[in-house]
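Undergrad: Coordinates only, no sequence provided:
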């Protein structure tokens with residue numbers, strides 16, 4: 001404090017012997033009054049800054065699907081958390097001892113795990129009771145992409161687990177709307193109806209990786225059925241009053257005549273923000289590490305533990321979402337529309353929501369989502385394209401504010417329409433209260 005130039009000036013002034021007592025008193029009175037006024041203004045400014053921030057103490061849940069292996073170091077978990085991921089799911093644990101070691105590392109970093117190990121099958125009750133109260137246990141791995149014939153068996157397994165552990169989540173990830181009837185074992189509608197009627201679900205998830213690079217193609221494309229799948233599963237989750245969990249493809253790998261390309265920052269943003277637009281409450285990144293039984297995958301973490309370019313893209317994209325956790329954690333999706341020259345199958349064209357007078361985009365189009373979190377409403381506009389920018393023209397009523405990527409509410413002069421350019425896969429976010 002004494003190093004302050006302002007205070008040094010006061011001390012210097014006081015040291016001048018020619019000043020008389022009256023002048024000294026007057027000078028000190030003026031100086032202290034100015035200092036108090038300055039401090040008060042600073043407090044007011046800080047208060048205004050805090051009030052404009054949409055804050056949250058709860059990070060958005062993000063899970064590594066095929067996360068860190070049993071031998072992973074504490075530093076590896078720290079790196080995973082730095083990438084925005086706070087849940088780990090590794091289906092290759094061999095023993096209960098390996099699980100306990102991993103859980104202890106995660107607990108120290110306030111991370112959680114969906115647990116899988118052989119003892120959950122061979123000594124179910126004892127194993128669940130040994131783990132269920134560990135702070136890092138989020139739940140239990142039940143099944144991934146089950147077919148129709150598997151559902152009754154999985155339902156019985158889930159009920160048994162839920163009798164022993166009342167709070168842990170029994171994780172199931174279903175097949176999606178673009179899966180063949182041969183693989184499903186029925187029509188998709190029959191499959192989903194039985195799955196959601198028979199299984200005592202605590203969350204709803206399905207596999208869909210929308211961005212593909214077809215054989216011989218120069219540019220990646222988005223599978224339009226992705227939006228229909230999100231429509232179906234978000235509606236079902238809302239009907240069942242359980243959270244929607246969604247997947248983000250974070251590793252490249254071959255598929256038939258083409259494959260899934262290495263995700264760009266735009267690819268990650270498109271998947272993240274579109275999932276959030278449909279009300280997702282947990283992101284699953286497939287995969288985080290290279291699967292030990294399939295080395296054709298190029299995951300963010302290589303078999304030797306090194307990080308590739310995708311890891312650093314994850315850091316950037318997930319940091320954006322985590323900064324906005326006050327918007328998205330606990331948000332309820334009220335409606336979703338689409339714009340563009342043509343809109344994806346199974347979706348509906350934009351009807352302007354209350355508080356908005358103009359909302360126009362280019363032909364590529366956008367996903368437009370109306371969300372509610374507490375007393376605050378949000379409108380999010382997500383560019384459909386992972387490759388091209390999208391022009392946006394928008395006009396709203398006076399109470400609507402823009403939300404920055406730093407989660408700050410910014411005033412907007414809506415006297416005239418505002419124009420923005422949405423980067424590939426990116427979004428703009430606006431907010432108002434009741």
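TA: Perfect, I can see it now. Predicted model only: the values in this text are computed from it and were never measured. Numbering: from 1, shown residues only.
Undergrad: For this structure, just list every one of the helices.
TA: For the chain, the helices defined by DSSP state H cover 5-14, 21-51, 74-82, 96-108, 119-122, 124-131, 151-164, 181-184, 188-198, 225-240, 265-277, 309-323, 325-328.
Undergrad: so which of the ones you listed gets nearest residue 250?
TA: Closest to residue 250 of the helices of the chain is helix 309-323 (C-beta to C-beta; 6.3 Å). Bear in mind the C-beta positions are built from the backbone N, C-alpha and C, glycine included.
Undergrad: Could I get the contacting residues of the closest residue to residue 194 other than its chain neighbours?
TA: Of all residues not flanking residue 194 in the chain, residue 151 sits nearest, at 5.7 Å (C-beta to C-beta, 6 or more residues apart in numbering). Taking C-beta atoms under 8 Å, 6 or more residues apart in numbering as the criterion, residue 151 is in contact with 194-195, 198-199.
Undergrad: just residue 230 next, same as before
TA: 208, 246, 274-275, 278.
Undergrad: for residue 217, same thing?
TA: With C-beta under 8 Å, 6+ apart, residue 217 has these contacts: residue 258.
Undergrad: Give me the local confidence score for it.
TA: In this model, residue 217 is scored at 91, pLDDT.
Undergrad: pLDDT weak spots in the protein?
TA: The chain contains residues with pLDDT under 70 at 1-51.
Undergrad: 50 instead?
TA: 1-7, 9-19, 21, 24-25, 28, 32, 34-50 (pLDDT under 50).
Undergrad: hang on, the earlier thing: what's the separation between the residue nearest to residue 194 and residue 181?
TA: 15 Å (C-beta to C-beta, to the nearest Å).
Undergrad: what about the nearest residue to residue 221 once chain neighbours are set aside, how many neighbours?
TA: In this structure, residue 221 finds its nearest non-sequential neighbour in residue 212, 6.1 Å apart by C-beta to C-beta, 6+ apart. Residue 212 sits with 17 neighbouring residues when counted by other C-beta atoms under 10 Å.
Undergrad: show me what contacts residue 212?
TA: Contacts of residue 212 by C-beta under 8 Å, 6+ apart are 220-223, 255, 258-261.
Undergrad: Can you tell me the closest non-neighbouring residue to residue 60?
TA: residue 325 (4.5 Å).
Undergrad: ok, how many other residues are close to the closest residue to residue 268 other than its chain neighbours?
TA: In space, not counting the residues next to it along the chain, residue 268 is nearest to residue 317; the distance is 4.1 Å by C-beta to C-beta, 6+ apart. Residue 317 is flanked by 27 other residues according to other C-beta under 10 Å.
Undergrad: who are the neighbours in contact with residue 317?
TA: Counted by C-beta under 8 Å, 6+ apart, residue 317 has contacts 84, 265, 268-269, 272.
Undergrad: so how far is residue 426 from residue 59?
TA: 21 Å.
Undergrad: Who has more neighbours out of these two?
TA: residue 426 (23 against 16).
Undergrad: Isn't the more buried one up against residue 383?
TA: Yes - counting by C-beta atoms under 8 Å, residue 383 is a contact partner of residue 426 at 5.7 Å.
Undergrad: Enumerate the beta-bridge partners assigned to residue 260.
TA: Counting by DSSP bridges, residue 260 is bridged to residue 253.
Undergrad: Can you verify my assumption that it contacts residue 247?
TA: No - Residue 260 is not in contact with residue 247 according to C-beta under 8 Å; the separation is 11.7 Å.
Undergrad: Give the residues shared as contacts by these two.
TA: Common neighbours of residue 260 and residue 247 (C-beta under 8 Å, 6+ apart) are residue 209.
Undergrad: quick revisit: could you point out which of the contacts of residue 230 is nearest to residue 294?
TA: Closest to residue 294, out of all of those and judged by C-beta to C-beta, is residue 208, at 19.2 Å.
Undergrad: Can you name the residues that contact the closest residue to the closest one other than its chain neighbours?
TA: Excluding its sequence neighbours, the residue lying closest to residue 208 (C-beta to C-beta, 6+ apart) is residue 176, at 4.5 Å. Listed by C-beta under 8 Å, 6+ apart, the contact partners of residue 176 are 206-208, 225, 229.
Undergrad: of the residues you listed, closest to residue 95?
TA: Of these, the one sitting nearest to residue 95 (C-beta to C-beta) turns out to be residue 207, at 28.0 Å.
Undergrad: Look up the closest residue to that closest one, ignoring the ones flanking it.
TA: Nearest one to residue 207, counting by C-beta to C-beta, 6+ apart, is residue 176 at 5.4 Å.
Undergrad: quick revisit: between the contacts of residue 212, which has the most around it?
TA: residue 260 (22 neighbours).
Undergrad: pretty sure residue 162 is in contact with residue 169, am I right?
TA: No - counting by C-beta under 8 Å, residue 162 stays clear of residue 169, with 9.6 Å between them.
Undergrad: Which one of the two is surrounded by more residues?
TA: Higher neighbour count among residue 162 and residue 169: residue 169, with 23 against 16, using other C-beta under 10 Å.
Undergrad: What separation do you get for the more buried one and residue 160?
TA: In terms of C-beta to C-beta, residue 169 sits 15 Å off from residue 160.
Undergrad: do the same with residue 338
TA: 42 Å.
Undergrad: between the two, who's got more neighbours?
TA: residue 338 (20 against 13).
Undergrad: burial count for the closest residue to the more buried one other than its chain neighbours?
TA: Sequence neighbours aside, residue 347 is the residue nearest to residue 338 in space, at 4.7 Å (criterion: C-beta to C-beta, 6+ apart). Applying other C-beta under 10 Å, we find 17 residues neighbouring residue 347.
Undergrad: Next, count neighbours for the nearest residue to residue 345 once chain neighbours are set aside.
TA: Excluding its sequence neighbours, the residue lying closest to residue 345 (C-beta to C-beta, 6+ apart) is residue 228, at 5.3 Å. The number of residues packed near residue 228 is 18, by other C-beta under 10 Å.
Undergrad: Now do the contacts for residue 228.
TA: So, once contact is read as C-beta under 8 Å, 6+ apart, residue 228 ends up touching 177, 344-347.
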